[in-house]
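Q: Here's my sequence, what's the structure:
(2 chains)
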Amino acid sequence: MNGSPANGTPAIAVEGLECRYGGTTVLRDINFTVPVGELFFVIGGSGCGKTTLLRHLVGLAAPARGAVRYFGEDFTAASRAERRRLLKTFGVLYQSAALWSSMTVAENVALPLEQYAPLNRRERQEIVALKLAQVGLAGFEDYFPAELSGGMRKRAGLARALALDPRIVFFDEPSAGLDPVTSRQLDELILQIRATLGTTMVIVSHELASIYALADRVILLDREARGVIAEGRPRELAAGSPDPRVREFLTREPEKA
Amino acid sequence: MRAVPNPAHAEAVLEGDRLAVTLGGAWHLTQPQPAWARVRGEARPRGVVLRPGRLDRWDSSLVRFVHEVERWCREAGIPCETDALPEPVRRLAAQLAAGRQAHVPAARPGSILTTVGLAATGIWRQTREFASFVGECTLSAAGVLLRPRRFRWGDCLAEMQQCGAMAVPIVSLTSFLVGLTLAYTGAIILRQFGGDIWVADIVGLSMFREMGAVMTGIVVAGRTGAAFAAQLGNMKTGEEIDALETLGIPAVDFLVLPRLLALTLMMPLLAMYANGLGILGGMVVASRVLDIPASAYWVEMQSIIDLSDISTGVIKSVTFGVLVAVAGCLRGLQCERSAAGVGRAATSAVVTGILLIIVADAVFAVLFHVLGL
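A: Take a look at the predicted model:
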């Protein structure tokens, strides 16, 4: 997570990805790369396939065509063992945090460590304490997810996603269901973690405030186009994109004819 | 797991009375890391200095190691110098130390007295909830009698198919086997008296008066009671029931009553069907093993069964249907809003359903005896 980044190989490279559900093609010919340490946003209106793209990136759905590479290694065509190894290079924060409800916060964060890290019980507890402190939940080890507020649940989910110090973290709608203050705190947390750990972050969102506050670069997906209609820095796109759909999305103002 | 080319390492050298520890290599949580106890060995230094060597990529495992060294120094009462380490490592180690100190106690009962007290009031609360739920169901049913058009007949029919028709295979199998087992067990005694033919009486009476209704009740409690609880529990978790209530539609009218009526109507049908299959099971044993012709078996059984036997079975099965449906729906509506809660609601619905069946069966046994039925 820190130290020398790998010689210019992008953290994520998506090549000619086609996503299909049943018979319908949701997205086609998706190409983009995410350099190491970038805060990259996937944005677009409801139903444009943002979450579909995310599910394909993290391996929950198999692409109909194309490939996803992590640090140059093909994730799509990987064997079972390689896939298991590559899965450890990224963590995912799900929209509803997806904490396991029958386990305490500490147990939630400890499970990936138990699975993959050669640590004893006390060492694991120390890593859990560190992760919870990093997300501002120090001391909440013994709480069950049901006893936490929505924002705290998101933080706990982030602590779990960070448990193995992955080099990439995916976020699905991190600010969904949060009030503006909590949402801004989560944004600050994301920036702080990137600054400390140099983690590459891919965030699926349509929250304009977060996009402008965090994003180094965005891709904008469109439902009709079934693919990427713009790529670049959000402010530049809002000001100077030739495509009215892009400007409309990023400025929230309908285009005047 | 792939080995790292430059594994994490820590070398300790005594510099005067201070132990200088050089940290190098790639530190990753999923890879083996040096243990502090082994690094320091038998040394008893007057201070420890941590320095980065050829430090490659690092993560929380390095932070944890630094934290462990700092804690050891604190316990030994000696200074620990970390100034040479990268700034993020020191900051995270401080965060870790602070995190280990912090403890926010969860608001949960601690002492055994509180637990026992809460459990006791819980039983009282549950009894009240059960009673008020039965009351609500009764009022709601009365409402339907007054305005039958408002009842959700479509839902009721769909539930009847689910809990009635779809349960036929499992009810067939269990009741056929119960009849078979009863016949074998009866034959053990009756053979000693040369009264093989009375197997027909034993199987017929037991099925009609007891086993048909009880076995079907237990199968339905496991199948439909659990389904009701899981379905309603999931709806509660997803705030679907709240959505109904805020629209002014009572969950009891909309969800419980169709299920209650469906199961109350289907249970006696299933139980009668189970009686038939059980008698068939007994007949198979009688004709194949005991050499009693099927016609003789049938005539003997008809001579002993009368309408009161059949009606006791029907009364029981209707009651069991109501009990299983009420237990399932109540547990579903009481469900905690989580995945584990839905699981507990389903379990509890089955346990409550079976318990109520057994208790009601015992009450009926006494009642029918007193009434001479």
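Q: Now do the contacts for the residue of the stretch 151-300 of chain B found nearest chain A.
A: The minimum distance from the stretch 151-300 of chain B to chain A, using Cβ to the nearest Cβ, falls at B:T237 (9.7 Å). To be clear about C-beta, it is placed using only N, CA and C from the backbone, and glycine gets the same treatment. With contact taken as Cβ atoms under 8 Å, 6 or more residues apart in numbering or on different chains, B:T237 is in contact with B:C335, B:R337, B:S338, B:A339, B:G341, B:V342.
Q: Equivalent analysis for A:R194, please.
A: A:R194 makes contact with A:G37, A:L39, A:M201, according to Cβ under 8 Å, 6+ apart.
Q: before we move on, what about B:I304?
A: B:A200, B:D201, B:G204, B:L205.
Q: Pipe these into JSON lines and attach pLDDT and secondary structure per row.
A: Shown next, in JSON lines, are these (pLDDT from 0 to 100; DSSP: H, G, I helix; E, B strand; the rest coil):
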{"residue": "B:A200", "pLDDT": "93", "secondary structure": "helix"}
{"residue": "B:D201", "pLDDT": "93", "secondary structure": "helix"}
{"residue": "B:G204", "pLDDT": "94", "secondary structure": "helix"}
{"residue": "B:L205", "pLDDT": "94", "secondary structure": "helix"}
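Q: Tell me the most packed of those residues, by neighbour count.
A: Counting neighbours by other Cβ atoms under 10 Å in any protein chain shown, B:A200 leads the contacts of B:I304 with 28 neighbours.
Q: Show me where the stretch 151-257 of chain A dips below the pLDDT cut-off.
A: Scanning the stretch 151-257 of chain A for pLDDT under 70 picks out the ranges A:255-257.
Q: What parts of it come near chain B?
A: Applying Cβ under 8 Å from any Cβ of the partner chain, one finds that the stretch 151-257 of chain A approaches chain B through A:L164, A:D165, A:T196, A:L197.
Q: Show me where the stretch 151-300 of chain B has its strands.
A: Counting by DSSP state E, counting those that start in this stretch, the stretch 151-300 of chain B forms no strands at all.
Q: Please spell out which residues along stretch A:88-105 are buried.
A: Across stretch A:88-105, burial judged by 16 or more other Cβ atoms under 10 Å in any protein chain shown covers A:88-95, A:97-99, A:101-102, A:104-105.
Q: just the contacts of B:T237 now: which is nearest A:A64?
A: B:A339 (31.5 Å; Cβ to Cβ).
Q: Burial check on that closest one, number of neighbours?
A: Neighbourhood size, B:A339 [other Cβ under 10 Å]: 14.
Q: Name the nearest residue to it, ignoring sequence neighbours.
A: A:S101 (5.0 Å; Cβ to Cβ, 6 or more residues apart in numbering or on different chains).
Q: Tell me the secondary structure of the one you found, please.
A: Secondary structure, DSSP: H, G, I helix; E, B strand; the rest coil: A:S101 is coil.
Q: Enumerate the residues of the stretch 201-350 of chain B near chain A.
A: B:E336, B:R337, B:S338, B:A339, B:A340, B:G341.
Q: give me the element the fifth one is part of.
A: Meaning B:A340. In the assignment (DSSP states H and E), B:A340 maps to helix B:339-371.
Q: Go through that helix and flag the buried ones.
A: For helix B:339-371, the neighbour count (16+ other Cβ under 10 Å) marks B:341-346, B:348-350, B:352-354, B:356-357, B:360-361, B:364, B:368 as buried.
Q: Could you pull up the mean pLDDT of it?
A: Averaging pLDDT along helix B:339-371 gives 94.
Q: quick one: low-confidence parts of chain B?
A: Under the criterion pLDDT under 70, the flagged ranges of chain B are B:1-4.
Q: Which residue ranges make up the domains of it?
A: B:9-100, B:125-371 (automatic domain parsing).
Q: Which parts of the stretch 201-350 of chain B are helices?
A: Here the stretch 201-350 of chain B has its helices, by DSSP state H, counting those that start in this stretch, at B:212-220, B:226-237, B:240-246, B:251, B:257-288, B:294-304, B:307-334, B:339-371.
Q: Pipe these into a markdown table and attach distance to B:R64 per row.
A: Shown next, in a markdown table, are those (distance: least, Cβ to Cβ, whole Å):
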| stretch | distance to B:R64 |
| --- | --- |
| helix B:212-220 | 54 |
| helix B:226-237 | 37 |
| helix B:240-246 | 44 |
| helix B:251 | 50 |
| helix B:257-288 | 54 |
| helix B:294-304 | 77 |
| helix B:307-334 | 44 |
| helix B:339-371 | 31 |
